[in-house]
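**Q** Have a look at this fold, sequence not included:
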Ligand code: UDP
């Protein structure tokens, strides 16, 4: 049994991680300032004897009493809309927040895992993206606040590993979806699903020819656990290689929800990556991991979640 600190534990991915550790019998300290996470995401664990919630902004010194075996650093705005609205907190949590979380892990002799991202590849010039690709990031563009913070976080994590001998992991997370995504976080999955369920037009940015590859949350959580159990310190991509254009994705959502929604085209955001597809050879070979949940299955579960949220709102 371990004691695990999850920063950003009130977020979409963080809350699923909290649940997965509790299920294994571990003790979870969930830390969040609800900047983009939410109380509702962890409400189901509130009375669990092994769950504790700490309201704290990890960009300031982190104090946790008692032993900690794992520090999982997931705190950060992660939707492009959020980090464009919160540019400085995003830079701070990726830099200062990562430094604080690493410092805590070092003091506690804990294993540290950084939630990194496919955004470190920027608008990639290669496809698929493997871990040895250095990326194509515009440091001074609007997305730079997230991309560069995460790149800095990776560099800082490797420095703690190399200089302090800290036991570290870096997971590069590709587009992930599932229940507990915020309905209004601006990302394509909640946008399209809620638009389709409400019968509103789906807002496709640009011509919708940019590609993404979507993985279901359960696959990601399994990948993170396997990475933790490994001894790999360099980054590992965890994502679903099933790539499609955003226009194809919009049509898929309309089909699955049996919606009568139309499609409208809106301007493409600046520096929007044109392609994104993980090369997961490393995860397959090293962790014996690959995604299991099909897009249809994952979307059906996610649509069900958003349907319930919309019903609650009407009440
Ligand atoms: N997108 C879109 N319509 C929306 C929201 C997003 O066409 O209502 C596009 C966006 O331009 C991007 C892709 O969908 O190409 C994925 O965007 P998201 O915000 O989910 O995250 P990203 O993968 O860019 O980090």
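**A** Cool, the structure landed. Here the structure is a predicted model, which is why all the values come from computation and not from measurement. Residues are numbered from 1 along each chain as shown.
**Q** Can you name the residues of the stretch 51-200 of the chain that neighbour the ligand?
**A** By the criterion of Cβ under 6 Å from any ligand atom, the positions of the stretch 51-200 of the chain lying close to the ligand are 79-80, 175, 187-188, 191. In this view, the C-beta of every residue, glycine as well, is placed from N, C-alpha and C.
**Q** now with 5 Å?
**A** Selection of the stretch 51-200 of the chain residues close to the ligand by Cβ under 5 Å from any ligand atom yields 80, 187-188, 191.
**Q** What parts of the stretch 201-315 of the chain come near the ligand?
**A** When proximity is defined as Cβ under 5 Å from any ligand atom, the stretch 201-315 of the chain approaches the ligand at 203-205, 210, 246, 272.
**Q** Give me the subset of the residues you listed that lies in strands.
**A** Among those, the members falling in strands are 203-205 (criterion: DSSP state E).
**Q** before we move on, the earlier item: ranking the residues of the stretch 201-315 of the chain next to the ligand by neighbours, who comes first?
**A** residue 204 (23 neighbours; other Cβ atoms under 10 Å).
**Q** so that residue sits right up against residue 251, yeah?
**A** No: shown here, residue 204 and residue 251 do not form a contact pair, counting by Cβ atoms under 8 Å, at 9.7 Å.
**Q** From the chain's centroid, how far away is stretch 221-239?
**A** Averaged C-alpha coordinates place stretch 221-239 at 14 Å from its chain's average position (Cα atoms, centre = their mean, to the nearest Å).
**Q** now do the same end-to-end measure for that stretch.
**A** Criterion Cα to Cα, to the nearest Å; first-to-last residue distance in stretch 221-239 is 11 Å.
**Q** For the stretch 1-150 of the chain, which segments count as helices?
**A** Secondary structure of the stretch 1-150 of the chain (DSSP state H, counting those that start in this stretch): helices at 12-23, 39-42, 80-85, 87-108, 144-164.
**Q** for the stretch 151-300 of the chain, same thing?
**A** Going by DSSP H, counting those that start in this stretch, the stretch 151-300 of the chain shows helices at 188-198, 217-229, 246-257, 281-287, 295-314.
**Q** of all these, which lies closest to residue 240?
**A** Comparing these by their distance to residue 240 (Cβ to Cβ), the top pick is helix 217-229, with 6.7 Å.
**Q** Include mean pLDDT when you put the helices of the stretch 151-300 of the chain into a markdown table, please.
**A** Listed next are those as a markdown table, based on pLDDT from 0 to 100:
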| stretch | mean pLDDT |
| --- | --- |
| helix 188-198 | 98 |
| helix 217-229 | 98 |
| helix 246-257 | 98 |
| helix 281-287 | 98 |
| helix 295-314 | 95 |
